[in-house]
Every structure is written in C-alpha cells, then in structure tokens.
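Colleague: okay, predicted coordinates and the sequence, questions at the end:
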Amino acid sequence: MLFFPKKKNRGKQGITTMGSSGFSPVLSSTLIITLLLVCSTSYGAPTHHPNKRIHNHHRVSSHNYKDALTKSILFFEGQRSGKLPRNQRMKWRGNSGLSDGSAANVNLVGGYYDAGDNVKFGFPMAFTTTMLSWSVIEFGGMMKGELPHAKQAIRWATDYLLKATAHPDTIYVQVGDANRDHACWERPEDMDTTRTVYKIDRNTPGSEVAGETAAALAAASMVFRKSNPSYSKLLLSRAMRVFHFADTYRGSYSSGGLRNVVCPFYCSFSGYQDELLWAAGWLHKATKLPSYLSYVKSNARNLGADEYDNIFGWDNKHAGARILLSRSFLLNKISDFEDFKDHSDNFICSIIPGVPSYSSQYTPGGLLFKLKEYNLQYVTSTSFLLLTYAKYLALSGKSVECGGTLIRAGKLRSIAKRQVDYLLGENPLNMSYMVGYGKKYPRRIHHRGSSLPSVRVHPGRIPCSSGFQMMYSQSPNPNVLVGAVVGGPDQGDRFPDQRNDYDHSEPATYINAPLVGTLAYLAHIFGQI
C-alpha cells in the first residue's frame, strides 16, 4: 500500500508544558463587544500619506500584481470542502465531504483541504484564516474589487471553525485519517476513506491548535466588524471562549493522545506557548480589553517572547506575534510593549544581507531559503511581515537599527518585493511558482483533485488506488488549480516539476494566505488597482 507522508515545517522541538495562568476574561462582555462593533474598520489605508492615494505613474513593474492577487484568492475555491455555492468560480470542483462529522454526531461539513490531499487539518486551517484576515486588516483597502472575494474566503473557513468550536471546552481539530487518505490518490468528490473525527478537550488538550483557532476567530471578527456586526460579535465571543479553554487546559496535541494522528503531518515542534501569546495579541487587538493587555505583560516571557526565532509559519508564531504586538508600542504608545519592537527589529535584521546580525540563507537566484520542505511558505509569510512592519514603521516615523546600520521602511518593502518577483518569475528558471500565472508555471502539482479528470468530464468514480497511475504520470494536470503556489525550488533554484515531489510541488492554503496581503500592496503601489 502506497503512503506519501507530508513533511511539513519542522520548528524547534517541544517546550515543557506549563500550568495554567489562571487567566479568565469575562466571557459575557456583550456590552463591550457591542461597543467595539460600532467602531468602523478601515482596511489597510495607504500608509505613505494619511489622506490621499499615492499616484505611481512613474512606477513600472514587469509583473501584473493585480492578476496575481485575483488568482491567489481564487485558489481557495479549489480547496473548498462541502457543498459548493452557485457562484463557485473553480468549475471543475464538485461537492465533497457532505457527511463530515457524522461519525461523531456533529456537523463538520465545509472548511478547506489544507493542500493536495483530502484531510481537513484544523491547525493549518486556523493559521490560514488568521493570515487571510491579517491580510485584509492591513491591506484590504487596497484590494478594491477583490476584497469581497477575500472576505468570502475567510468566511468559508470561519463558518467551519464555528462548527468545530460549538461545544464548550471541545474543538474538533481534524476530519479524516491522514494515513489512510495518503494511501489513496482520489478526488475529494470520490473519497471513501474513513472520515474519522478527532477532537481536543479537557482530558486531551491541544493549546497550540486551540490558541490558533482563537487567533483566527479574533482576527476574522475585525474583518466583518463593519459589514456584518452580528457575525463579527459571534466570532469575537467564540474567540474569547476558545482562548480561555486553550489557556486553562494547557498541553500539546502532538505530544498527547493525538500524537499518532497529527504526526508527522502537523506536529507542533515549537510548542503551544507561541500560540497562546499570538492569540492573546489578537484578542487584545480585537477587544482592547485591559485583561488581554495584562495577560501579555504577565505571561510574555514565560510564553517565549524573549526566545530568538527567525522563522514564521503555521507552527511557529513568535515572529508574527512580536510584529503584531509591536504595533501597540509604535502606534498606540503602549510602553510596556517596547520589547516587542526590539524583538521585531532582531527578526528583521536577521533577514537583511550585509548587516552584522544577518543569519538567513538565500539561493543563488536570490530566494529566501529557510527549509527544504515547502520553502515558499516562509517566503510568503516573511514578505508579509516585512510589508506589515514597514507600514508600522512608516506610520510611526521609526526605523530599524541593525548593528549600527539604519534600516528604513523602504528597504523592507524592496526585500519583500524582490521575493514576490522571484515567486512570479524573476528567477533562474524564468518560471512562475503560481499556477496559472505567466507563461511558464508548474504543470504537475502534487494535488489529487487537480491531477485527476474532473467530475464534470468524468462523472464515474475513480477508485482509491487507480489514481496512482496519474500520480506517477508525466502528463500535465488536467485541471488548472489557478493561483496555487507550490512548495517551490530547492536551495539551488532547481525545480523538477514532478508530481511525486511533494516537498516542492505541493500547494497549501497557508502558502497563499499571507501572499494575498502582499500582492494587494504591490498592486496598489504600482497603480494596478
């Protein structure tokens, strides 16, 4: 029986489990939440001048960032699970997973498949949701006509996360047996592998996935605050409840009862402490409640805020949390958070070649290279952090000092742009790593639904093992998963475009999610949108 395990991000090894802090925000803060909803949400207004749009007639780019933005959001429709809506644009997909959750007598229909398989993993889905929401919060005002599509992509996830968190002190964190799923190569519309449901609760904690889910719900509540106040209120109250569960019943889901289920697919090697800090940061941002400010101040050090990390992804959130919280110091003048600005500077300095604290690796062609497996996830997440931090620096009139070298916001933007340009085709292979963008892009991606005939043209069922003939075939995928960004080239800028090379040829939702915000900024600054 064939088995193709995913080798995802390998962050630092687990941290010793700590006891609960005893933090218990008032979950019935209905009045406070209602008052928050009255405030309007301004999605990523241009940062160069507070009152006018920058005219960029002199700016020229060889890339159509607007087209890439459109496609990067469209990709999420190809990853949908559940009953597809009438306005589904990825027409080769069909309904799937319509009985998900029935094994546990709950409704878990919907959500996203994480990558090229048919399992719904809650941990990366929540991170995807957080990053899509952050993209809209920072740069949504630059998305114009794509903003509704971005919000639809977020809601497809949050509707599912609300189902998964419907019962107090319980989160359904996975649907599908990954080992059995990976022993088949079949379309999601055909899948007949066991749709086992896995959960965390008081007896089987999972603070990393619970914390990330709380962060996702809190961030998304800000996205919908103005357009759908009642939905935003629901998301925020659920985020508060889920965070309380994550913090009260501390423990890692990948070192406890679910270890054999989630490993080696989405083991958390960075521990759960980063997710608790990350979630508290988002809840502070979304609620402005002093209790979350106090939580961050009291627990930051114990949750690893002082640890050095120069990687940001679905497992390790420290760099993202620091930049998120640095905003409170830079723009809101919360002096207690000054350390987060210092830690953010350290992260930024590690990326910039030539400065004393530079520690990152780049390929000969100029691509930031963190890990050999799914490296582009770190490229897109880092590029997003660079642009977001550049925004905070510009608005506050601050800069970064790297061992005596002064780094201004413009330098961060140029590095982020260079990484995106590489991804879109400015590389030694002259190849776009976004499917459907440009003339040359990956044709044999590691993705079951894309690689097999669509149910529209081949309605007959394709059995579990029959699809492997196509998996090993050299034929291009018959269905174009438009907008999908694959794992990317190796450290020598090589990309074989082989379907069985999942480290480099498999797309994932968390690769695209931070790219959405970055592309929105670039499309705006070059006057394309």
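Modeller: Looks like it came in fine. Note that the structure is predicted; figures quoted are calculated from it, not measured.

Colleague: for residue 105, give its distance to residue 171.
Modeller: 16 Å (C-beta to C-beta, to the nearest Å). C-betas here are computed from N, CA, C, even on glycine.

Colleague: ok, now residue 468?
Modeller: Distance of residue 468 to residue 171, given as C-beta to C-beta: 34 Å.

Colleague: comparing these two, which residue is more hemmed in?
Modeller: residue 171 (24 against 16; other C-beta atoms under 10 Å).

Colleague: name the helix or strand for the more buried one, please.
Modeller: strand 170-175 (DSSP states H and E).

Colleague: in its sheet, which strands sit next to that strand, and in what direction?
Modeller: Each strand paired with strand 170-175, and its direction, by DSSP bridges: strand 120-121 (antiparallel), strand 197-201 (antiparallel).

Colleague: and the next helix or strand past the shortest one?
Modeller: To tie it back to what came earlier, the one meant is strand 120-121. Assignment by DSSP H and E places the next element after strand 120-121 at helix 122-139.

Colleague: would you mark the buried spots in the helix or strand that that following helix is followed by?
Modeller: Next along the chain after helix 122-139, taking DSSP H and E as the criterion, comes helix 147-164. Buried residues in helix 147-164, counted by 16 or more other C-beta atoms under 10 Å: 147, 149-151, 153-158, 160-164.

Colleague: check residue 306 and give its pLDDT.
Modeller: If you check residue 306, the pLDDT there is 85.

Colleague: go on, residue 59?
Modeller: Reported pLDDT at residue 59 in the predicted model: 73.

Colleague: helix, strand or coil: sort out it for me.
Modeller: Assigned by DSSP: H, G, I helix; E, B strand; the rest coil, the conformation of residue 59 is coil.

Colleague: so what's it up against?
Modeller: With contact taken as C-beta atoms under 8 Å, 6 or more residues apart in numbering, residue 59 is in contact with 525-527.

Colleague: residue 140: which of the residues you listed is nearest?
Modeller: The closest of the contacts of residue 59 to residue 140 turns out to be residue 525 (C-beta to C-beta; 15.0 Å).

Colleague: report how many residues lie close to the closest one.
Modeller: Counted with other C-beta under 10 Å, residue 525 comes out at 20.

Colleague: ok, residue 166 next?
Modeller: 14.

Colleague: any idea how far the nearest residue to it once chain neighbours are set aside lies from residue 100?
Modeller: Among residues not flanking residue 166 along the chain, residue 106 sits closest, at 7.4 Å (C-beta to C-beta, 6 or more residues apart in numbering). Noted for residue 106: a distance of 9 Å to residue 100, by C-beta to C-beta.

Colleague: next up, the contacts around residue 303.
Modeller: 273-274, 276-277.

Colleague: how about 7 Å then?
Modeller: 273, 276-277 (C-beta atoms under 7 Å, 6 or more residues apart in numbering).

Colleague: and if you look at residue 278?
Modeller: 211, 215, 317, 320-321.

Colleague: still on that earlier bit, any idea of the mean pLDDT in the strand holding residue 171?
Modeller: 98.

Colleague: and the residue lying closest to residue 481 once chain neighbours are set aside, how far from residue 82?
Modeller: Distances taken as C-beta to C-beta, 6+ apart put residue 450 closest to residue 481, at 4.3 Å, once the chain neighbours are dropped. Distance, residue 450 to residue 82, by C-beta to C-beta: 18 Å.

Colleague: same check, this time on residue 470
Modeller: Distance, residue 470 to residue 82, using C-beta to C-beta: 25 Å.

Colleague: same deal with residue 318?
Modeller: On the measure of C-beta to C-beta, residue 318 and residue 82 end up 33 Å apart.

Colleague: for these two, indicate the residue with more neighbours.
Modeller: residue 318 (27 against 20).

Colleague: what's the nearest residue to residue 198 if we skip its chain neighbours?
Modeller: Among residues not flanking residue 198 along the chain, residue 174 sits closest, at 4.2 Å (C-beta to C-beta, 6+ apart).

Colleague: what's around the one you found, how many residues?
Modeller: 26.

Colleague: let's have the chain start at 320 instead
Modeller: Got it, the first residue is 320 from now on, which makes the last one we talked about residue 493.

Colleague: list the beta-bridge partners for it.
Modeller: Under the criterion used here (DSSP bridges), residue 493 is bridged to residue 440, residue 517.

Colleague: wait, it sits on residue 579?
Modeller: No: the pair residue 493 / residue 579 is not scored as a contact, 11.9 Å apart, by C-beta atoms under 7 Å.

Colleague: and the gap between the closest residue to residue 504 other than its chain neighbours and residue 437?
Modeller: Spatial nearest neighbour of residue 504, excluding adjacent residues (C-beta to C-beta, 6+ apart): residue 786 at 3.4 Å. Residue 786 sits 11 Å away from residue 437, going by C-beta to C-beta.

Colleague: between the two, which has more neighbouring residues?
Modeller: residue 437 (26 against 19).

Colleague: quick check on the more buried one: phi, psi?
Modeller: phi -120, psi 30 (degrees, to the nearest 10).

Colleague: enumerate every residue touching it.
Modeller: 495, 500, 507, 510, 767.

Colleague: one more pass at 6 Å, please.
Modeller: Contacts for residue 437 (C-beta atoms under 6 Å, 6 or more residues apart in numbering) come out as 500, 507, 510.

Colleague: tally up the residues packed near the second one, please.
Modeller: Looking back up the chat, that one is residue 507. As a measure of burial, residue 507 has 21 neighbours, counting by other C-beta under 10 Å.
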